[in-house]
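Undergrad: sequence and predicted model, in that order:
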Amino acid sequence: MLQRSVRHFPAESRALGIGRSIIALAQASILIFTPASHLFVPVGSDEIEIACSTPVQAASLYCLADSADRQLLNLLVLALLLIVASGILPRYTTVLHFWTSISVGQSISLPDGGDAVAQVVTFFLILACANDRRTWHWQRPSSEEHKRSVWQGIAWAGWWGVRAQVAYIYLNSALAKLPVGPWAEGSATYYVARMENFGAAGLFADLFRWATSITPIALLSAWGAMATETLIAFFLFRRGSRQVMAAAMSVCLHILIILQLGIVSFGFIMVGAVFCAASRGIDAQTPQLKRVLSRTRIPVGKIAHSCRRSLIGQVAPKR
């Protein structure tokens with residue numbers, strides 16, 4: 001059973017590549033839209049210093065090149081992330097991706113949850129892509145011979161690491177909310193939408209404040225968020241279409257959070273992580289989805305021919 005699972009694991013996966021690109025672009029957006037002066041700021045009364053005491057922190061680019069201009073280092077990290085997002089040589093750029101994730105997550109003054117998730121996921125992606133020998137991760141799988149390699153087992157184990165970690169994050173998030181009074185009683189989103197520094201923002205701020213003032217909507221959004229997180233964690237441990245459902249639910253959940261709170265990079269990092277964790281199911285279901293779409297698609301030529309016959313019938317003189 002285990003050998004069969006390893007042998008049939010898609011080590012050269014387009015879905016996994018999409019997830020990697022989403023994570024890298026989400027991280028790149030932090031550096032594109034945030035200058036270094038806002039990423040490295042004093043916390044409390046401390047001076048602007050980057051912690052380099054632990055081995056992990058010392059491996060950060062910002063520690064290795066401590067004397068260099070930080071905005072210049074930001075541009076270098078941004079360039080590396082864009083290379084990763086392009087999908088070139090996935091077997092090797094996963095190492096660069098992990099290093100950039102460490103550099104950003106360990107060095108900036110005000111990291112969010114997405115930075116921590118990216119560090120863990122990109123570490124396991126080094127293993128998950130160990131048997132991906134394509135030039136670009138957008139290409140089709142190259143050969144079945146690679147599945148007999150020892151790297152196939154390493155890739156399978158790395159993917160399971162991603163799968164377990166992402167499922168744990170969602171399940172832990174749902175369970176941690178249960179003992180909290182506002183979440184248990186269903187009023188949490190009402191208060192979150194009205195927080196001064198972390199509330200509803202952007203074009204839809206007034207809409208979300210109005211919606212959460214309606215009791216059934218407030219209850220549904222609070223309890224629905226916990227239920228969705230639980231289902232995502234559960235579906236990630238299932239097969240096939242259940243993993244696709246987990247990815248779809250993650251997209252819907254985080255788009256709503258982005259529209260309400262504006263935490264864009266965190267949302268897309270989580271979506272990318274779920275795509276990586278659900279990649280096997282997405283790869284398996286994609287051909288079936290294409291067949292369904294091809295059956296339900298009406299040829300454009302047939303529509304045009306039907307319309308033409310209908311028009312001719314309407315304007316033709318009656319005898």
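TA: Ah, there it is.
Undergrad: which residues of this structure score low on pLDDT?
TA: Applying pLDDT under 70 to the chain flags residues 43-47, 143-147, 289, 292-319.
Undergrad: CA atoms only: put stretch 108-128 into CSV for me.
TA: Extracted in CSV, the C-alpha atoms of stretch 108-128 (Å, rounded to 0.1, in the frame of the first residue of the first chain):
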residue,chain,number,x,y,z
ILE,A,108,11.7,42.0,9.4
SER,A,109,10.5,43.8,12.5
LEU,A,110,6.7,43.1,12.1
PRO,A,111,6.2,39.6,10.6
ASP,A,112,2.7,38.2,10.2
GLY,A,113,1.4,34.6,10.3
GLY,A,114,2.0,34.2,6.6
ASP,A,115,5.8,34.6,7.0
ALA,A,116,5.9,31.8,9.6
VAL,A,117,3.8,29.5,7.4
ALA,A,118,6.0,30.2,4.3
GLN,A,119,9.1,29.2,6.2
VAL,A,120,7.7,25.8,7.2
VAL,A,121,6.0,25.1,3.8
THR,A,122,9.0,26.1,1.8
PHE,A,123,11.3,23.8,3.9
PHE,A,124,9.1,20.8,3.0
LEU,A,125,8.9,21.9,-0.6
ILE,A,126,12.6,21.3,-0.9
LEU,A,127,11.9,17.6,-0.3
ALA,A,128,8.6,17.6,-2.2
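Undergrad: list the buried residues in it.
TA: Within stretch 108-128, the residues scored as buried using 16 or more other C-beta atoms under 10 Å are 108, 111, 114-128. Just so you know, the C-beta spots here come from the backbone N, C-alpha and C atoms, and that holds for glycine as well.
Undergrad: what's the answer for stretch 83-99, then?
TA: Going by neighbour count (16+ other C-beta under 10 Å), the buried part of stretch 83-99 is 83-85, 87, 89-91, 93-94, 96-99.
Undergrad: contacting residues around the spatially most central residue of the chain?
TA: Centrality entry for the chain: nearest residue to the mean C-alpha point is Gly272, 1.8 Å, by C-alpha atoms, centre = their mean. Applying C-beta atoms under 8 Å, 6 or more residues apart in numbering to Gly272 gives the contacts Ile18, Gly19, Arg20, Ser21, Ile22, Ile23, Ala24, Ala26, Val121.
Undergrad: so which helix or strand takes in the second one?
TA: Secondary structure from DSSP states H and E places Gly19 in helix 14-33.
Undergrad: kindly report the same for Val117.
TA: helix 113-128.
Undergrad: pick out whichever of the buried residues of stretch 83-99 sits closest to Leu178.
TA: Each of these was scored against Leu178 by C-beta to C-beta, and Phe98 proved nearest at 33.1 Å.
Undergrad: what's the neighbour count on the residue nearest to Phe237 when sequence neighbours are not counted?
TA: Of all residues not flanking Phe237 in the chain, Ala167 sits nearest, at 6.0 Å (C-beta to C-beta, 6 or more residues apart in numbering). Neighbourhood size, Ala167 [other C-beta atoms under 10 Å]: 19.
Undergrad: wait, Ala167 touches Ala277, no?
TA: Yes - here Ala167 lies in contact with Ala277, judged by C-beta atoms under 8 Å, at a distance of 7.0 Å.
Undergrad: any common contacting residues for these two?
TA: Residues touching both Ala167 and Ala277 by C-beta under 8 Å, 6+ apart: Leu236.
Undergrad: now the top helix by length along the chain: buried residues?
TA: Criterion DSSP state H: the longest helix present in the chain is helix 150-177. Residues 151-156, 158-163, 165-167, 169-171, 173-174, 177 are the ones in helix 150-177 that count as buried (16+ other C-beta under 10 Å).
Undergrad: now swap in stretch 227-244 and tell me
TA: Buried, per 16+ other C-beta under 10 Å, within stretch 227-244: Thr228, Glu229, Leu231, Ile232, Ala233, Phe235, Leu236, Arg242, Gln243, Val244.
Undergrad: mind checking how far that stretch is from the chain centre?
TA: In terms of C-alpha atoms, centre = their mean, to the nearest Å, the centre of stretch 227-244 is found 15 Å from the chain centre.
Undergrad: contacts for stretch 65-72?
TA: Pro35, Ala36, Leu39, Phe40, Ile50, Cys52, Tyr62, Leu73.
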